Structure formats: C-alpha cells, structure tokens
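Asks: only geometry, no sequence info:
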C-alpha cells in the first residue's frame, strides 16, 4: 500500500480536474481488450464509479465483437465481412443482439452493481434511444443512426444510475440494427452535448505513421483528422473511429479522446492528470 | 368496423372501471402462448398501452421458455429438468439470459415502441432489482428471490415508460440466476404494493377437477388455494402459480388473477368488464 | 349488456385516438337540448369524465337560455330580443347571472361530482377569467369579450378538476355582462391554445342548403365558412357559431367541431372513432 | 388625509400582530349589515385584501338572507320559518342557491377583483367541499354538515386567490342543502385548522344580559359559552353562533371572535390592535 | 396609544401601496445618523421587517464610517483622506473590514433577530458577491466594483432572511477592498433589478441651492442630476450619491430615493404614503 | 510530479471511502497551527474542497485565539484568563467578535473562493444559529450553547456553499457571547446529525501518558474518554475537547476524530486512507 501522505497529496493534485468537470457529462465507448478479462473490467468499472462520485455523469457504450464471434462459431454461423464491416443477415443479427444485450450488457451492469454503484443496462432499442436505417443492402442489418432520443439516459443519470448501452438500434419497423459502437457513442455524446467523448481502443492512439508505434500524435486538429482520412494515412481500423470523432465534435461535444483501454486506470490518467494519454481530437 | 354509436356506448360502460383503477399499479406476468405469434403479441401490447393511457401503471414481467429451448437445441445443449424445473448449469444459464434479456425482452420493448408507447427493457440484474440465491445445488442456477429493489421500476413508470422485466436475478456475487417468471412477477407486485397481479397462462384458470375443463373456478379464496396445493388437487403446473398468488397476496397485493393469455383482449375483458375471465385468487 | 369480447375489442380500437389526444386540452361548449333532461346530462357528463381519465383536460362552458327564460317568466320580466340577441337590461342581467351561475352551473358541477369526478363551477367573473365590454347601448349588458385570463382554469385542471364555466363576463367596473356561450368557449379555447373546440348544438352541423337536412357538410374550410357568412347561405342561428369557430382557429385552436349534443355519446363518437359526426371547421 | 408621520408610526405598531399571524389562516363569516351597502362591502373587502397581503390566508364564507327574502317575495313564494330556521322546500331551495351562488357570491368576487385582489367564488357543492344531510323532514332542505373536503380551498389559497364560499352544501344524492353560514364557516375553519374564525354579526358581541347592550363580554370561556346556551341566558339568535364557536374550537381552531361587521375596519381593529372588539370565545 | 379606529383606517390607506410593491425587491443603503443610536436603529429595523412582511424583499447595505474612525483612533492609526475618500492602506483596510464585517454587520443582524425577523450578515467577499479593483494607487485599497454575483442574496431572500451586506469587496487576488456603501448598494440594486434603491442620508435630500435647506428638490430627472454634478451645483458629499443613483437607473432599477434616515419611520413614509419624503431621482 | 499511473491507482484506492461518505455531512473544527500560515491554510482549504466535490457536505467552524491576542495587545487591553478560559469583559468581547467575524472568518471565505470553491461566512449570531448564556459571572461574556438552529447552514450547503462559522453566539438579549470553537463545532455537528466531527488540534491526538508523545491512542471509547477526564489523566487543554467529543457522540454524531491540523493533507489522510491519523473517539 501507498504511503498515506503521498496518497493524500495525489488526491489533492486531482482537485483542479475535479473542479473543472464536476457536473459535466462524459460518454465512454468501452470495448476491445479492456473488456477481455474480469480484472481489467473491474478496473475500468472502478474508474467509472470514481468519475461518477466526483460529480461526472458517465454513459458507458459498448460493443462486443469477440462475444458475438464466439456465439456465431458455437452456432455454426459463418462470419462474413465486407469493407471491414460484419455482414449481418437476420440470423446473425439475432446472435449479435443476444450477445450484446443479453450477455455483455448484463455483465457490465452486474460488475457496476457489485462494485457498489448503480447501473441500468439499455439497448439502443429501449425508449427509442437509437433509431437508424440499413447502410446498404449487401450488409444486411448493419445500420447507421438517424436520430437519438436521450430521454432514457438523462432519466437514469438524474437518478444516480450509470446507463450501460449496447450498440443495437431500431429501424423504422422496430427491427434490430447492428451499429458500430464508436458511432453509437459519438451519436449519443452529440445528443447529450457531452463535455468529453472517450473512445477506448486497443492501440495507444493515432499514429502519424501507421506502421511506427513511436509516432503517436497527442493532439490532432479537425483538419488534420480529415486529412488523415482523405489521404489514407490513417489505419483502416482507425478511419471509422476518426469519423466518429469528427461527427461528435460537429454535434457540439467538447473534446474527443482515443485512449488505450488496456492501460490500467487509463480513464483516470486521462481525466485527472496533466499527463493525459492517447490522442485528443478537436 | 363497429357501429360508432355502439362503440361509444361501450367506451362509456368502461368508465366506472377506469375510475376505479386510475392511478393504480398492475403487474402483468406475460408468457406462454400469448407470446407465441406476432399478432397475439401486438394484441396484448395494445391492451397494455390502453391500460397505461387510462392512468394505470403497468409492469410487464416475462419469461421465455420456448425461446430458451430453441437456442439450447441449436447450441446442442441438452435440456434437463428436475422436479418440473429447468436444471440450469452455467452453460444453460448463459443461454437463458441471452434468450430472455437479449431476445424476448427486446422484442417486447420494440413492439411497445412500434405501437406508439414508450418502454424500457430491464433484467432483474439492472439496478439490483431482483437479488436471490440458488434453490438447491442440484438445480444449478435456478434461484429464489430474496429481495426486490423497485426503484428502477418506479423511476421508469414515473417518466411514462412501461418497464419490461425478464425473470433473471443476481446472486450475491453478481452472477445470474434463473427465476420463475410467475414468482418474479409476484415478488415485484408485492414490492410495489400493486393493486392487481395478473398471471397470463395457457389455460382458462384454475379447475376444480384438473381433468375437467368445465370446472373452472371463478373465485378461489386463500384457504381454498392452500388446500388445493396441499391436497394435490391442483395441477402440477398450477402449483407454482398458486404459490406465487399466495405470496403476492401476503405481500399486500390487492387481487391476483389467472387468465388465459391466448384469449383476444383478455386483459381488457378482465379489467374493464363485469364479466371478468379466468380465476381470481384472494 | 354487450359481449365482453366485443366490448374489449372496441376499447382496443380507441387506442390510437387516445394516444393522439393524451395530454391535450379540449374546450366543450355544452348547451341546448343536450342540457335539457337529466338522462342526457348524465350521458354527456360521463363522456366528459371518460375524456378526462384518458388524459384529456376538458373545460366545460355552458349557457342556459331555457333556464333564464323560465325565471324571467316567473318574475314577470318581459323577454326582449334585438338582432337575434337577448336585450339585457339590468333587471334581466340579474336573472341571467342567477340562472347561469346559481342554477345551471351548480347542477353540472353536482352531476360531475355524483358521477365520481371532481368539478369546480366558475363564472367568467371569477379570477378575472372573462373581461369584456357592452356590444352596443341598445342591447344593454350584452357583452363582447376583450381579454381572457385562464389562470383559474389551468389551476383547476392541474389539480384534476373539470372547470365548469358559465358565460358571464365582467365589464371594467366589475359589473356583469351577458356573453354568448359559443363566443365564450371560443375565447377560452383560444387563450388555452386548445387542441379542439367542440360546440354542442341542436342540429347535426352545418348544412350546405339550410333548408335541406340531407346537405350536412362534414368538413368546412375557413374560406368556405367565411363565404357562407358573407353570402347569407348560413342559417341565422349558425352565424355566431361560425364566427366563434373562425375566431378560435385564428387564436390557434387546432380544430373546431359543431356536433349535435342530443345524439347519445356524441363526444365519444366524435373523438374516439373514425366516423366523426357533425361538421369540422378548419 | 392623515399626517404621514402618524400614519407610519401606526403601521409600525401593527408589526408584532403581523409577525404573529404571517402564514396563518383565518376564516371569516361575512354577513348581516356588513353586506348591506356597497360602501361597507368595499371596506370589508379592503380589510380582507390587507390581511392577505401581510401573509394571512383568508377564506370568506357568506350567507345572504336578505337577498333570498327579496327574490322569494318577487317570485311570490311564501317565507316560512320553524324554530328560527327557514323552512326550505324544493322551490325555496332553488331560490336560495340562485341568490347565494348566483348573486351574493359573484358580487363579492367582483368587489375583490375590482379592489385589485384575486378571488374565486365557490359553493359548498364545488369539489365536494361541503357534504351534509337534512336536519329534519319538516325543515325540508335545511342541512347539517357531515364532512368537509377543503382541497378546493387550499388549491385556491396556494395560488393567491381569496376563496369566497356560499353556504350551500350537497346531500348524498348531489342535491342542494341550505346550511347556516356560521355553521359552514365553523366547519371550514375546523377542517383547515384555522388560527382564527371570525364571525361578523350585527351586534357588538355577546351580552351578559341580553337586554342590556352595556354588558358586552370581551372574553367568554368555553364553559361559560356552554352555560349561556344551557341556561337560556344567550339571545336566541346568538345560540347557533355560540354553537358554531364551540364546534370550531373542538375541531382545533385557535380562537373564535364575534365582531360587529358594521363597525368600519372591524377586521383590522380586531386583528392588528391591542384593543380588539366584540367577544372572543375560547 | 392611537385610537384603534384611526389606526385601522390608516392601515387601510396603505393597501394600494402594499398591492403595488408586493413581491418586489428594494435595496436600502443604511447609514449615517440613522445608525447612530440604538433607538433609531431599532426603528429602522422595524420598518424593514414590516416591508418584508407585506411581501417586499429587502437587502440592507451598510457602511460604518464612525465605527471605523473609532477603532482607527483607538489603534493610533492616522486617518488620511484624499479627494473626499479614505486613503486605505493595508493596516487601515484590516480595521475597516473588522469594524464593518465584525461589528456593524453583526449588530444589525442581531437587531433584526431580536425584533423577530431572520437575518444573515454578509460581506461582499462572501460567495463572490462583490468583486472589484483598486480605484487608484494613491488611495490604496479603495475599490470600485466590477461585477456582482447576487446568488447568495437571492438564496437568503428566498428562504425568508434579510441579507445584511457590508461594503467590502474582493479584488482578483481575494484581498479586501473598501468600497463606498452607496456605490455598493447601487451595484447590488442593479444586479437584482430592484424596484427601488433607497439611500438613507443625513440630509433631507438634494437641495437646489446647496446652502439653502428650503430648496429641497422632490423629483430630480436624470438629466438634472447629471447637470448638477457637471455644474458643481451639487454638494460635494452629494456627488457620489448622485452618481450611484444614475448607475442604478442605468442598470435597470426602477426608482432611486434619497431620504433622511434620521426621520422616524422614514422608510414607511416613503413607501406607504402619498407624501413621500426626500428626493426621488429617475 | 507523481507518475500518472501511480496517481491514478491511488485515486482508485480512494473509491471505497468516497462511496462510504458520499452524501454525508462532516463538521470540521479548524484552528491552531493549521490556521497560522497561508500555505497551510491553502492546503486545508483544498482538502475541504475535495471533500465537497466527492459529495461530502462540510461545515468549517473556527476560532482564532492568536488573532484575538494580537488585537488585544495592539489596543492595550490586558488578556485575563480564569480556569483556562479567556475572561471576556465587554471591551474584550468587541475585539473577539471583530477578530473572528471580521478577520479570520473573511480570510477563510476568501481562500475558498480563490481556490475555486464557494463559501459563505457566518457568525453564530446569523439566523439565530447559536444561542447561549453566560457560563458564570466572573468569566463575563464567555458562553455555553443552549440551542442550535442549523437552517442557515443547510440552506448554504444545499446551494453548494461551504459555510464557514466563527464561534460567537447570541445571548437572549442579542448580545455576543464568546464560545469555545470545539464546543461550537460539536453542537453544530449534533444538530446536523453529522457523520463525522473532526477537531483539528496542534497535537497528534490523545496521549495515554500526557507527557509521553509515543503513547498516542488510536481509538478511545466513550468510557475511556470519561475516565481520562475524571481521573485527570487527560491533559488540561484536552479536557474541553474530550467533553466536546462526548457531547457530539451523545447528540448522534457518528464518529469524532482529533487530528493534528499541522500535518499536510491531514483531512484527506484521515478520511480517504485506511491509515487514519490521530485519535478516534466513539
């Protein structure tokens, strides 16, 4: 255990950050390796609860690609992708929704409750939270978001719950759509005019040279982000994330951060220290 | 279409029932054949929304045995039962939770939203709603309920949402438990001091002679219900339902009804006409 | 009694109408033959309470010509009319106010209370609700409305009461004015930005040919209404009603309906069925 | 006009009385000669508004015997009395209600509005305020009060209105009952747990010797009041007033005052000076 | 003691003034001889409480030159003035703040509490109420006000307290500044959009000829006030007061009054009688 | 600066303490050497603001003996003590109140505002917060507390302000009383049913042997505390503190802590680490 004097001094150093964000709203896209093992999950959850207790309202948005893959495999359903996206026929969509809303979501809710917090698990279909439309016919039920009704989120946050949202939307007929979790988080952050959107990834942030990990960019302006997408300098997996960042900023979100969810206490380091980690866009 | 004059007169006749129940809370256990086809589901949902609009707060509690069976079969997991209950090992529990929280629950939420209502889908694990413990070691994760925290339900109802709850609870370690939906509905009704608990079944109600459908009992007193359980006169499938009824009544619920969910508009007939249907216990 | 299944189905069919109007405000001008016998009054009152219970705020505005005539006759005061209006000298005004505020108003309040509702009887003089001025010197205390302060109405509706308002206004000196009940209802509907103004009359609606009852017009546009007034095609008794309709529409009321109050359940037929009755203006 | 310095000093002297009664409720029975001419009425109304503005909630309860007599005479209906009470057959009741609810009540409301206050005129039939039963068959619709629902009064007072209530009650069938205004005021004061009930009369208060005006009693204890009724020493017209006083005190009203409404500013003298006037019971 | 009838009549005459100002806010600069002896203080406090009880929110702003002088003398600190202002070095500022916030302020709070009112004593440093900057280096800590945050005042007034504010402000480093009490009162009145700012002085108001007390000006327009300052016709001590008046008017205060605080009940005479006293600016 | 990873981990470790105390109230007696130099003051203030931001309502109660002594010396007033207490004649009381309410209090308020918090400085005389009586005639205006009205504190805390209270009370005549700051803090903690009362002192806590600093007692039961007072084993300066602790515990305060205010971040170490410091009583 840390020396109490040092511990107290460190708490003290967090004061200006807490003052700055008290009463604000953060949307955190939670995913990737940060969701892979119980110990890491518990660590992230504790970070989230600490944010909550110092007066920051947090919405947790998650996907769950690995969980989906596992169930598809067990059910003998072939995984197909096109242009980097999961081709989602009706049979696949059933599995996607079950794995996200019925497994990953409830697991996170349970972890928050066990850690002494209060959480409500939601799908984008609850209360009309996320309404969308298919992206293109060949991708099946892969959807883009057309509207966000955040009422169910503000209700939960006002009552002290952490809303945990899985990235499933409704189409106009009430059917399920498979939406990218980064995109969903960005749309929700925009609708809530969140102060920060934090996207947890498996990399340390945006690289100037996608093949050289030593070229991490700390701060990326909007125009630089656009340029990286246009020029193809951005890693293919990074493109939808950068697009989500740009959409959120346009919708009025204050700052967007790409951080490595696998780093212990990444959220706290990002929010409560001068150091910051990963890439800030905006 | 009905003659408008007749229609209006019938609406008029519903007035005293609406006056009686305006501002009250009903818990409806929804299940069985009433959940089997889209048309019937839509019918029940419309009934629920009508109750809501005349000022009755409705909580919908559901199971989903057939959906669970379907996925177990597809996954090649053998279904085992003991003493009429599904033996729920960890692998089965995963499927139970996915099928209920990830499929059945979201389907019902979506139907309510499509019908112009507002719904929030919840598991008993959300907000610590249902906390329980295993019934016995040989049944695995089959659980009984020890405590109900209805805060998440009252929050949703106060804001105009219909809470849709699937019958999964948390154990003390945050793990999932498979609880009987009738039991869950009864526990929730008790915690909310609901005016009515309505259990939808596939039969017309309680039969005096379990082999003779013509012996339907309209009104069953508590002592008669106890006697039917004790004497074995009650059908085996009916016993847990009768026990749920008795628990609810002890917990302060006003009236409990067993109705055939397959009958069109069964809820409205029960609530808004003198006729009533099924069996009233209490 | 109706078959419960049919009754329930009919209730079900009312759902979309209830959804549409839940939370809205209707102003109903109640009068004529619909106010003549206890049975009919009770029927209208039950319709009003049903509207209230499905979430529609209703203001009831009434006159009471027959009651006034009866008391004038008993008191030996001669009834005089000029241009279709009751010449209202001071002695007549005393009788008008007594008959409306002291008799008809309290009768309606009492009927609502007896039917299980809650009502407050008001005059346009209460809380400065209706302030006006004399129309012309030869008509005495016949008034036109200059301003409406609906605070006393919203107070009552917010607390669950049906406000019942008689068509008497104050002049600038606090004296009583006799105002047309259709006009009063239209002014109140305008001040409340009501969704619907419903004028109950003794006829089935507006006739294209005032002498041919088979020429009922279902929908009359504003310009058509203006034309009917200008051209004299409208029945003389219908003119002030059409003018009230037009004023209400100009003040932001959504729809105005002229319906025959003598038809059983006319309000419910109009509001809750596709059929509609009478003439819709707007 | 008074010297401003003297005026200010007098205002200053009222401070402790205002502090004592700020936030309290007074019920004032208004009647007799204080209601006879416009000048006196205006004076009383101004007193009431002043009480209101210094933070005292006032309910005004009134009868109107002279107005009733006037209309009975005009209508050629014979006035009958038995045991000092108006025998009230159905024809008489119609006139009583019209004269009270339709004339006297609206006149007082209008005076308050004209004086810059806000008032709502109510009958005991509004909102189920006063529910009673016939006293005896030979008195017709003369009623005694069985229950008071003050919701409509607190609603009005909370919104800044002075409720003006006429002494008509409902029987169980919704019919009108003629109740004594002192009794009605006492019942209302009891239901509101008023700090003061003030009964305005045409005499200076209770006389020790009913034939000697110089024997005014300033303070009458409960037991003395009971003794005066029992012994017959009280004037016959004073008996129902003393009974009303005793009922109010039993129901928890703080103090009851009998004051001469004809004395200018009687209310203010009673409430805001040491002198007091009339007789205090309790 | 005054005749009760006359007293009541006078109270009655105050009605229109009370009606006019009910619910409004007055800022009163309290100072000079009106603060010199206990009897006078008690009189002003009673006036303030009376205003409060008739529904006027009052903020009391005070200085305390004599108290400061007394302590400076006792401490052997020389009093220096420049351009009519107290040169306030750090040692003097300590004494100013102690004398104002620690003596005069608490004395006034105590008087209000003793008189049955509720008061909270505040400095301009509490809650960031008054933030300013030094006027010029040679005057030391004499400050001008740059911003007013009235939150702490509205909090106190909403809860029924009279805020008593001493004229000390904070500079940007949190240090104390000595601000003129008239100026502080004007700034606060502007921030609260007060209906009236009342400056208590030791003179009867503004004189047309500063050497002739018989030339009191009852009403001074803005342009006349400006002219008096510009032309030098105003008394030197009067100039900062007139400037405070003009600033308040520009900031949206309704009326500004200069009254002689030494006149008994000066506040009541000004507010509740036609006479008025002193000079009204605006 | 600390390594961000270590810093974040330490923040994380504070989570259970924050969860435990979120929404609770602490009363902190602030004094002694912790109030002696700007750096230390700023440190304590930052600790207080951190408590506030993690959801703990803090009341700061302070004395200021050194400041009082300084002013007495400057004014040439002799300091007298009797039984360890300052003999407080009227001249001394003036200085006590000025030094506490006018200097120390405003300094602390200013520090909180400068540190980005919001504070309101109060005396026990504000809003009738502390009412007391003289302890004995020979001690002059030294007072004991008879009643606490915490309304002004809850008002301030509900609005987000830190109330800073100096230890001056009112006697029944509104005069000032000099009360011990530990006693005042204990009385306030009792009235607020605070979770913790923390007394900052210049020692490390209670010593088993008052002459041996190595005998610090971590936990002292109530009976042990009583015994230490009775037996005289407690240091003389410690006796009033122990008595304050016992009074607070009797009044329902959860825990009382005696900590050395001179230790950096003493408050945070006590509240947010397992280590704790000083002596816990209770």
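Replies: Yes, it's here. All values derive from a computational prediction rather than experimental measurement.
Asks: and the residue of the stretch 1-150 of chain A that's closest to chain D?
Replies: The nearest approach of the stretch 1-150 of chain A to chain D comes at residue A:23, 32.3 Å away (Cβ to the nearest Cβ). Where C-beta positions appear, they are placed from N, C-alpha and C, glycine not excepted.
Asks: need the phi and psi values for that residue.
Replies: phi 90, psi 0 (degrees, to the nearest 10).
Asks: does it really touch residue A:55, like I thought?
Replies: Yes: with contact defined as Cβ atoms under 8 Å, residue A:23 reaches residue A:55; the gap is 5.6 Å.
Asks: neighbour-wise, which of the two wins?
Replies: residue A:55 (16 against 12; other Cβ atoms under 10 Å in any protein chain shown).
Asks: buried residues in stretch A:247-267?
Replies: Applying a neighbour-count criterion of 16 or more other Cβ atoms under 10 Å in any protein chain shown, one finds A:247-249, A:251, A:253-267 buried in stretch A:247-267.
Asks: got it, and stretch A:228-239?
Replies: Buried positions in stretch A:228-239, judged by neighbour count with 16+ other Cβ under 10 Å: A:228, A:229, A:234, A:238.
Asks: how near is the last one to residue A:199?
Replies: Separation of residue A:238 from residue A:199 (Cβ to Cβ, to the nearest Å): 10 Å.
Asks: quick check: bridge partners of the nearest residue to residue A:188 once chain neighbours are set aside?
Replies: Leaving out its chain neighbours, the residue that sits closest to residue A:188 by Cβ to Cβ, 6 or more residues apart in numbering or on different chains is residue A:27, at 5.5 Å. Beta-bridge pairing for residue A:27 (DSSP bridges): residue A:59, residue A:197.
Asks: neighbours of residue A:27, how many?
Replies: Neighbours of residue A:27 using other Cβ under 10 Å come to 30.
Asks: residues contacting it?
Replies: A:58, A:59, A:61, A:185, A:188, A:189, A:192, A:194, A:196, A:197, A:198, A:253 (Cβ atoms under 8 Å, 6 or more residues apart in numbering or on different chains).
Asks: let's see 6 Å
Replies: By Cβ atoms under 6 Å, 6 or more residues apart in numbering or on different chains, the contact set of residue A:27 is A:59, A:185, A:188, A:189, A:194, A:197.
Asks: list just the nearest of those to residue F:174.
Replies: residue A:194 (52.3 Å; Cβ to Cβ).
Asks: can you tell me the closest non-neighbouring residue to residue A:159?
Replies: Distance criterion Cβ to Cβ, 6+ apart; nearest residue to residue A:159, sequence neighbours excluded, is residue B:155 at 5.1 Å.
Asks: quick one: pLDDT of that neighbour?
Replies: Note on residue B:155: pLDDT of 98.
Asks: quick one: it from residue B:126, how far?
Replies: 11 Å.
Asks: cool, residue A:174 as well?
Replies: Applying Cβ to Cβ, the value for residue A:174 to residue B:126 is 22 Å.
Asks: tell me the spacing between the residue of chain A found nearest chain B and residue B:98.
Replies: Closest contact between chain A and chain B, by Cβ to the nearest Cβ, is at residue A:102 (2.2 Å). In this structure, residue A:102 and residue B:98 are 4 Å apart, going by Cβ to Cβ.
Asks: so between these two, which is more surrounded?
Replies: residue A:102 (31 against 26).
Asks: what does the stretch 1-150 of chain A have sitting close to chain B?
Replies: A:74-75, A:97-98, A:101-103, A:106, A:109-110, A:113-114, A:118, A:120-121, A:123, A:125-128 (Cβ under 6 Å from any Cβ of the partner chain).
Asks: among the residues you listed, which are in helices?
Replies: Counted as lying in helices by DSSP state H, out of the residues of the stretch 1-150 of chain A next to chain B, are A:74, A:75, A:97, A:106, A:109, A:110, A:113, A:114.
Asks: pipe those into CSV and attach pLDDT and distance to residue A:151 per row.
Replies: Shown next, in CSV, are these (pLDDT from 0 to 100; distance: Cβ to Cβ, whole Å):
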residue, pLDDT, distance to residue A:151
A:74, 96, 37
A:75, 96, 35
A:97, 98, 22
A:106, 97, 22
A:109, 98, 20
A:110, 98, 25
A:113, 98, 23
A:114, 97, 28
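Asks: of the residues you listed, grab the buried ones for PyMOL.
Replies: To isolate the buried members of these in PyMOL, using 16+ other Cβ under 10 Å:
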select buried, chain A and resi 75+97+106+109+110+113+114
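Asks: near chain F, which residues of the stretch 151-282 of chain A show up?
Replies: So far as Cβ under 6 Å from any Cβ goes, the stretch 151-282 of chain A lies against chain F at A:265, A:268, A:269, A:273, A:275.
Asks: how about those in JSON lines, adding distance to chain D, secondary structure and pLDDT?
Replies: Converted to JSON lines, these look like this (distance: Cβ to the nearest Cβ, whole Å; DSSP: H, G, I helix; E, B strand; the rest coil; pLDDT from 0 to 100):
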{"residue": "A:265", "distance to chain D": "52", "secondary structure": "coil", "pLDDT": "93"}
{"residue": "A:268", "distance to chain D": "49", "secondary structure": "helix", "pLDDT": "94"}
{"residue": "A:269", "distance to chain D": "53", "secondary structure": "helix", "pLDDT": "92"}
{"residue": "A:273", "distance to chain D": "52", "secondary structure": "coil", "pLDDT": "83"}
{"residue": "A:275", "distance to chain D": "56", "secondary structure": "coil", "pLDDT": "76"}
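Asks: now list the buried members of these.
Replies: A:265, A:268, A:269, A:273.
Asks: any idea how far chain C is from the last one?
Replies: So that's residue A:273. Here the distance between residue A:273 and chain C works out to 49 Å (Cβ to the nearest Cβ, to the nearest Å).
Asks: who touches the residue nearest to that residue when sequence neighbours are not counted in this structure?
Replies: Spatial nearest neighbour of residue A:273, excluding adjacent residues (Cβ to Cβ, 6+ apart): residue F:4 at 4.3 Å. The contact partners of residue F:4, by Cβ under 6 Å, 6+ apart, come to A:269, A:273, A:275.
Asks: low-scoring stretches of the stretch 1-150 of chain A, by residue?
Replies: Filtered on pLDDT under 70, the stretch 1-150 of chain A yields the residue ranges A:1-2.
Asks: that'll do, ta.
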